[in-house]
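J.: need coordinates for the following:
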Amino acid sequence: NETVVSNMIRRVLKIIREENAGPDAPSLTEGLAIFFKADTKTSSIGREDLQDNILNSLVELLSEQENSHCSIIAMSLEHIHANEVILTYGHSKTVREFLLHARKKRSFKAVVCESGPSLKGHHMAKELSAGGIETTLIPDSAAFAIIHDVNK
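T.: Residues are numbered from 1 along each chain as shown. Modelled structure (predicted):
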């Protein structure tokens, strides 16, 4: 997904800017030059120090990304309550796991739009139904008809 990639690039650039921060900090361009190729003798910050700091921050970012899926799923019971109607569109592993986790302690209904033309909603509806969630698959054009019954 292009949005995810661009957001990750922005976060990496933010990490680099933050590591360059300080009273004698080089600009972002200078910091990138130090990181990738510049002569460390002419800089107030060493390439190795900058690389270590940035790499440590990137490891933290990767860990956060790996754990975000579990964190999101764990919040399902806070967001889904008994007898609610949940509308979904398409197929998402995270949304599926979120709803299936909530199903362990909550009884609710899911309405899944079929997501034309890819029809990924069919796959989502089958998985939710197999997980014990009362599921209704609807064409995308029928969402307006059920929206007044939807809680989330």
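
J.: what is the lengthiest helix in the chain packed up against?
T.: Identified as the longest helix of the chain according to DSSP state H is helix 47-74. Judged by 3 or more CB pairs under 8 Å, 6 or more residues apart in numbering; DSSP states H and E, helix 47-74 is in contact with helix 2-20, helix 28-36, helix 93-103. Placement of C-beta: from N, CA and C, glycine included.

J.: worst mean pLDDT among the ones you listed?
T.: Out of the helices and strands packed on helix 47-74, helix 28-36 stands lowest, with a mean of 64 (criterion: mean pLDDT).

J.: where does the residue nearest to residue 146 when sequence neighbours are not counted fall, phi/psi-wise?
T.: Counting by CB to CB, 6 or more residues apart in numbering, residue 146 lies nearest to residue 111, which is 5.8 Å off, once chain neighbours are set aside. Dihedral pair for residue 111: phi -110, psi 120, per degrees, to the nearest 10.

J.: residue contacts, residue 111?
T.: 85, 86, 87, 88, 135, 136, 138, 146, 150 (CB atoms under 8 Å, 6 or more residues apart in numbering).

J.: the fifth one is in what secondary structure piece?
T.: Residue 135 is part of strand 134-138 when elements are defined by DSSP states H and E.

J.: which elements pack onto that strand?
T.: By 3+ CB pairs under 8 Å, 6+ apart, strand 134-138 packs against strand 109-113, helix 120-130.

J.: where does this protein have its least confident helix or strand?
T.: Lowest by mean pLDDT, DSSP states H and E among the helices and strands of the chain is helix 28-36, with a mean of 64.

J.: thank you, goodbye.
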